[in-house]
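J.: Got a predicted structure here, sequence first:
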Amino acid sequence: MKFLTGFFIGLQFFTAVPIRRELPMDSEHLGKTVQAFPLIGLFQGIIYAGLYYLLTEFTPLSHLAAAFLLWLMTILLTGGIHLDGWIDASDAYFSYGNQEKRLEIMKDPRTGAFGVLSVIVLLSCRFLYIYEITDTTPYILIAAIPFFSKIVMGVLLVTVPSAKKEGLAAMFQSAVSPKSVSIYLVLIILFATLVLFLDENFFLVAILLLVAAGCYLLCRRNALNWFGGITGDVLGASVEGTELILWMTVWLLHYFAMA
């Protein structure tokens, strides 16, 4: 029951799904929320894949229109929370200041030119990848992208120190330990088993998992070098960056492995 409550807390925090309940925010439930990160990502992925299936199978919309609506859903479903982190982290990074200066910039509510440019590039690339791959890409790969990105976010949360003593990342980090996310391994095995028995694209999903592991190492190094640790914005940027790289991976597989 607490795990389910943690899942709904995660939906309140990281999606635009309307949860009209006041949920407990104590350490135990926040810890369960972190454990539920992969399922929150899988929930998003199922919506993305299901939407694209409905658009292509039951509407007269063109491939371009269907791809655009899927792209739009990737923004609307999260409420832009991770994009906000991407913008703030981009502004901070491109200031080329020291770690303290970058943390100050991320707290500034104003958006700079570098943040605007970076989010335009991010969303443009994502649309390109979605448009070019969704006519042939298996639905399971679309569902796997946010599943793996949320795993990266959770592992970063428990393995990288917080750069600030306050904030969203510090709040969740205080409620969880590295041992508590061992459930991620169980969820990965269950997901892989499901793919193995129900889908013929196990090898492609395994490639996405390996790429996600590489994204974790890259995000960990950059968070420590650029910001001295993680913040809520850094985690949001990590999710967006990981998903972009995973979309790009599927795009490359589209040409070299699924042709």
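T.: Yes, it's here.

J.: from here on, contacts and neighbour counts on C-alpha atoms
T.: Noted.

J.: residue boundaries of the helices in this protein?
T.: Ranges of helices in the chain, per DSSP state H, are 2-14, 27-35, 37-58, 63-76, 81-93, 99-107, 113-133, 139-159, 168-173, 183-198, 202-222, 232-256.

J.: Reformat those helices as TSV; add distance to Arg20, mean neighbour count and mean pLDDT.
T.: Formatted as TSV, these follow (distance: least, Cα to Cα, whole Å; neighbours: other Cα atoms under 10 Å; pLDDT from 0 to 100):
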stretch	distance to Arg20	mean neighbour count	mean pLDDT
helix 2-14	9	19	89
helix 27-35	17	23	88
helix 37-58	17	19	95
helix 63-76	18	18	95
helix 81-93	19	25	92
helix 99-107	29	17	88
helix 113-133	30	17	95
helix 139-159	23	24	95
helix 168-173	21	20	82
helix 183-198	28	14	90
helix 202-222	33	18	95
helix 232-256	24	22	93
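
J.: export the ones you listed to JSON lines and tack on distance to Arg21?
T.: Below are the helices of the chain laid out as JSON lines (distance: least, Cα to Cα, whole Å):
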{"stretch": "helix 2-14", "distance to Arg21": "9"}
{"stretch": "helix 27-35", "distance to Arg21": "15"}
{"stretch": "helix 37-58", "distance to Arg21": "18"}
{"stretch": "helix 63-76", "distance to Arg21": "21"}
{"stretch": "helix 81-93", "distance to Arg21": "20"}
{"stretch": "helix 99-107", "distance to Arg21": "29"}
{"stretch": "helix 113-133", "distance to Arg21": "32"}
{"stretch": "helix 139-159", "distance to Arg21": "23"}
{"stretch": "helix 168-173", "distance to Arg21": "20"}
{"stretch": "helix 183-198", "distance to Arg21": "26"}
{"stretch": "helix 202-222", "distance to Arg21": "33"}
{"stretch": "helix 232-256", "distance to Arg21": "23"}
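
J.: from the chain's centre, how far out does stretch 143-155 sit?
T.: Its chain's C-alpha centre and that of stretch 143-155 lie 5 Å apart, by Cα atoms, centre = their mean, to the nearest Å.

J.: The chain should start at 31 in everything you say after this.
T.: In the new numbering, first residue 31, that becomes stretch 173-185.

J.: In CSV, list the C-alpha atoms belonging to that stretch.
T.: This file holds the C-alpha atoms of stretch 173-185, laid out as CSV (Å, rounded to 0.1, in the frame of the first residue of the first chain):
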residue,chain,number,x,y,z
ALA,A,173,7.7,2.5,-23.8
ALA,A,174,11.3,1.6,-22.7
ILE,A,175,12.7,5.1,-23.1
PRO,A,176,11.1,6.8,-20.1
PHE,A,177,11.4,3.5,-18.1
PHE,A,178,15.2,3.6,-18.4
SER,A,179,15.5,7.4,-18.0
LYS,A,180,13.7,7.2,-14.6
ILE,A,181,16.0,4.5,-13.5
VAL,A,182,19.0,6.7,-14.4
MET,A,183,17.4,9.5,-12.3
GLY,A,184,16.8,7.2,-9.3
VAL,A,185,20.4,5.8,-9.4
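
J.: just checking, Leu107 touches Pro48?
T.: No - the pair Leu107 / Pro48 is not scored as a contact, 10.4 Å apart, by Cα atoms under 8 Å.

J.: neighbour count winner among these two?
T.: Between Leu107 and Pro48, counting by other Cα atoms under 10 Å, Leu107 is the more crowded of the two (17 against 8).

J.: Please report how far that one lies from Leu81.
T.: With distances taken as Cα to Cα, to the nearest Å, Leu107 is found 12 Å from Leu81.
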